[in-house]
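Asker: I'd like to go over a predicted model; first the sequence, then the structure.
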Amino acid sequence: MRETPRSQGTAGETGSEHPQHRPGRAIAHTTGASGSGTPHRSDGRSPQTPRGARQTDHGGRPGTTPPVPGRPAPLLFLLPLLLAVLAFVTWQVAAHGPLRRLDERIGRSAAGHGPGRLTEFLADLGNMQVALPVLGCAVVYALVRGARRLPLYAALAMAAVPALVVPFKDWIGRTGPLTGETGYYPSGHATTAAVAYGAAALLIAYRTTPAERSKRSWMMPVAAVLLTVATGIGLVLRGYHWPLDVLAGWCLSGLLLVALSWSSGRSRRRQPPK
């Protein structure tokens, strides 16, 4: 968090004690001075950020505000956003709205493009045979590092994927881009990839030290996002799913990951300081 800018009169001080009187020292701005030898503002007003009123951080540095526990603001923002997007897309697909017609035009034009082996490999990132071992390794890593509840929550989030996806598939009954069979909305592969890789990123980052989090905190979330997006691209280019199928899968997985992230924040605040 940014520190409150210090006034020019205190910028060169290193401690928090008041300046001491020095004999023979010239006193500037004598108007408003109390005769104690301590410089004062020329207009007699108190400084905008008095030293005694400012908060200090854990290192004793002035000008910082107390840390805010958890991440409530992003979570409160993401939940209604994901629900709104999922509801709107589902309505358009179920009602054969204009967004569905646009989605099918884009899906037909994109299917079959790109190197076949590469797009097949990207689409396979959403297979259970690939995603589950990655999540399993992250669960073992978190258990070895001392986490107890979060690996269980991650496993429950992964188990919740078919419980959320299958009812949607049966209800919507959407056909695939290259087949007349139904059950393609939302994409189970896209949901599986997002939950597996996102949960793995949370598990690996859970027990890292503050120094490690400051240096490599961006690596695992970025890797999870790249793998998730790559899976969606492969599914569309191979003609396995329409783009809106993938988007709906990401919304469902986002709801699960938000709940898992909230659980991770609560568990980290409860753990004893090291």
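Answerer: It's in. Remember, predicted model here, so these are calculated numbers, not experimental data. Numbers count the residues shown, from 1 in each chain.

Asker: Tell me which helix or strand comes right after the lowest-mean-pLDDT helix or strand in the chain.
Answerer: Of all helical and strand segments in the chain, the minimum by mean pLDDT, DSSP states H and E falls on helix 210-216, at a mean of 56. Proceeding N to C from helix 210-216, the next assigned helix or strand is helix 219-237, under DSSP states H and E.

Asker: Need the contact partners of that next one.
Answerer: 107, 110-114, 118-126, 187, 189-190, 193-194, 197-198, 200-201, 204-205, 241-243, 245-246, 249-250, 253 (Cβ atoms under 8 Å, 6 or more residues apart in numbering). C-betas here are computed from N, CA, C, even on glycine.

Asker: quick one: average confidence on stretch 219-236?
Answerer: The average pLDDT within stretch 219-236 is 94.

Asker: Just the buried residues of that stretch, please?
Answerer: Buried residues in stretch 219-236, counted by 16 or more other Cβ atoms under 10 Å: 220, 224, 227-236.

Asker: Then stretch 135-147?
Answerer: Neighbour counts over stretch 135-147 (16+ other Cβ under 10 Å) mark 135-136, 138-139, 141-142, 147 as buried.

Asker: Can you flag which of the residues you listed belong to strands?
Answerer: Within the buried residues of stretch 135-147, no residue falls in strands by DSSP state E.

Asker: which among those gets closest to Ala159?
Answerer: Distance to Ala159, by Cβ to Cβ, is smallest for Leu135 among those, at 11.0 Å.

Asker: how close does the closest one sit to Gly176?
Answerer: With the distance defined as Cβ to Cβ, to the nearest Å, Leu135 ends up 26 Å from Gly176.

Asker: Then Gly183?
Answerer: Gly183 is 8 Å from Gly176, where distance means Cβ to Cβ.
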